[in-house]
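Peer 1: Curious how this folds, go ahead:
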Amino acid sequence: MTIPQTRRLLIGSHAPTHISTVAPKPVAPKPVSPPAVATKGAHRPPCADGPDDWDLDVGTPDSWRTAVRTCNSCPLFTNCRQLAETLIERGDGPRAMIWAGVAYDSAGRIVENLDRHRATPADHKRPLRIIRTGTRPVCAESTAPTPRRRIVLGHRLRPAATGGQ
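Peer 2: Take a look at the predicted model:
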């Protein structure tokens, strides 16, 4: 089997393959426009590069202070602050993060002193709360009523009727 035949089998074409020895005409390169990613990079916030510095569950007070300073000098600060205010009004405020230069704890409250803030460990979270939206399940078997006992001071107790006397 010759090389052109092998090439045709690999390509899946049974048309004869022609190899040209003439060099193609040079084509002038088209002007390349900058990619869309480059234009987005101009508006990319600095918090997108290292999001752990803005997370109050991960960082340290020094990294949080640096994040607050970075937020305050960010060109998107006013947009970010307006978005945070909108979310807070809607009830979806930031939790355990620094947003628009303001630190929020895991409950959504503002953290005034970053040195005193401690991240809540995962094992100290609130217990699970089950909210039933439908009817409660009904127990199939009834339970026996609890016997009532009366204690009268100054009298001996009568033996309980257990049925095994």
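Peer 1: tally of neighbours for G59?
Peer 2: 20 (other C-beta atoms under 10 Å). For every residue, glycine as well, the C-beta is placed using N, CA and C.
Peer 1: ok, the nearest residue to it once chain neighbours are set aside - contacts?
Peer 2: Leaving aside its sequence neighbours, G59 sits nearest to D53 (C-beta to C-beta, 6 or more residues apart in numbering; 5.6 Å). Counting by C-beta atoms under 8 Å, 6 or more residues apart in numbering, D53 touches 47, 59, 63-64, 66-67, 70.
Peer 1: Export those to CSV and append columns for secondary structure and pLDDT.
Peer 2: Shown next, in CSV, are the contacts of D53 (DSSP: H, G, I helix; E, B strand; the rest coil; pLDDT from 0 to 100):
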residue, secondary structure, pLDDT
C47, helix, 81
G59, coil, 80
S63, helix, 87
W64, helix, 87
T66, helix, 90
A67, helix, 89
T70, helix, 90
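Peer 1: what's the closest of those residues to L128?
Peer 2: L128 lies nearest to G59 out of the contacts of D53, by C-beta to C-beta, at 27.6 Å.
Peer 1: Return the residues in contact with the closest one.
Peer 2: 52-53, 67.
Peer 1: Equivalent analysis for Y104, please.
Peer 2: So Y104 contacts 56, 93-98, 110-111 (C-beta under 8 Å, 6+ apart).
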